[in-house]
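> coordinates only, no sequence provided:
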């Protein structure tokens, strides 16, 4: 082989090998690939989705209605009432609606001793279910006794019961004396020392002072 042929072989042989390495195996042609045969992941079109907007949630709290009741102040006053302790008549305080009128005070006395330590050891000489009417005029309280008061109570109990009534009523403002009637007739009552008043005669705190504790004065 001459020098020209040798150069041709050395030059063209490497180039042919280069083109052979870059061609599609089995053919030197460039082929088109059917898009339907391209794998999905390679053929997918990338699009940008707008950000998802979460709708705002509005929470409605229940309306709680409150009703405030303002109670008015109830006026009360302290009233001294007298109950029996042995052979004496002693005062204790009770709370009554103000103003405490004589009928209200006498009705509370007829209820008997109140509950609590203040009334411990005390009793009432008034008959059970005692009911009496009372009116006040010019400082004198007139008490209408039930017909059974004199007949049903022994003399000693009558004295203590009348003392309870007189001492309780004369501690009220506007009352200084008490008189008693029964069956529309003036009634004589025992005083503290056991003697009787005249029928319809007034009696006062001093008439029962001997039944009071030594530290109590009319």
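Perfect, I can see it now. Predicted model, so just to flag it, every value in this text is computed and none were measured. Residues are numbered from 1 along each chain as shown.

> and residue 135, how far is that from residue 115?
30 Å (Cβ to Cβ, to the nearest Å). Every C-beta, even on glycine, is put in place using the N, C-alpha and C of the backbone.

> neighbour count for those two, which is higher?
Legend: neighbour count by other Cβ atoms under 10 Å for residue 135 and residue 115, higher for residue 135 (11 against 8).

> report the secondary structure state of that one.
strand (DSSP: H, G, I helix; E, B strand; the rest coil).

> one more: residue 198?
Strictly by three-state DSSP, residue 198 counts as coil.

> need the nearest residue in space to it, chain neighbours excluded.
residue 188 (6.2 Å; Cβ to Cβ, 6 or more residues apart in numbering).

> quick one: what helix or strand has that neighbour in it?
Residue 188 belongs to no helix or strand when elements are defined using DSSP states H and E.

> isn't it right up against residue 195?
No - between residue 188 and residue 195 there is no contact under Cβ atoms under 8 Å: 10.0 Å.

> which one's more surrounded, these two?
Under the criterion of other Cβ under 10 Å, the comparison of residue 188 against residue 195 puts residue 188 first, with 15 against 10.

> give me the pLDDT for that one.
Reported pLDDT at residue 188 in the predicted model: 96.

> same check, this time on residue 142
98.

> does it touch residue 132 like I think?
No - the pair residue 142 / residue 132 is not scored as a contact, 10.3 Å apart, by Cβ under 8 Å.

> give the rounded mean pLDDT of the helix or strand harbouring residue 107.
Here residue 107 sits within helix 102-110, counting by DSSP H and E. Here helix 102-110 scores 96 as its mean pLDDT.

> and the angle for it with strand 133-137?
140 degrees (axes from the mean of the first three to the mean of the last three Cα atoms, to 10 degrees).

> counting contacts, what elements does helix 102-110 pack onto?
strand 76-85, strand 88-97, strand 133-137, helix 155-170 (3 or more Cβ pairs under 8 Å, 6 or more residues apart in numbering; DSSP states H and E).

> quick check: mean pLDDT across the first one?
For strand 76-85, mean pLDDT rounds to 95.

> could you check the angle it makes with strand 88-97?
160 degrees.

> for strand 76-85, which positions count as buried?
79, 81-84 (16 or more other Cβ atoms under 10 Å).
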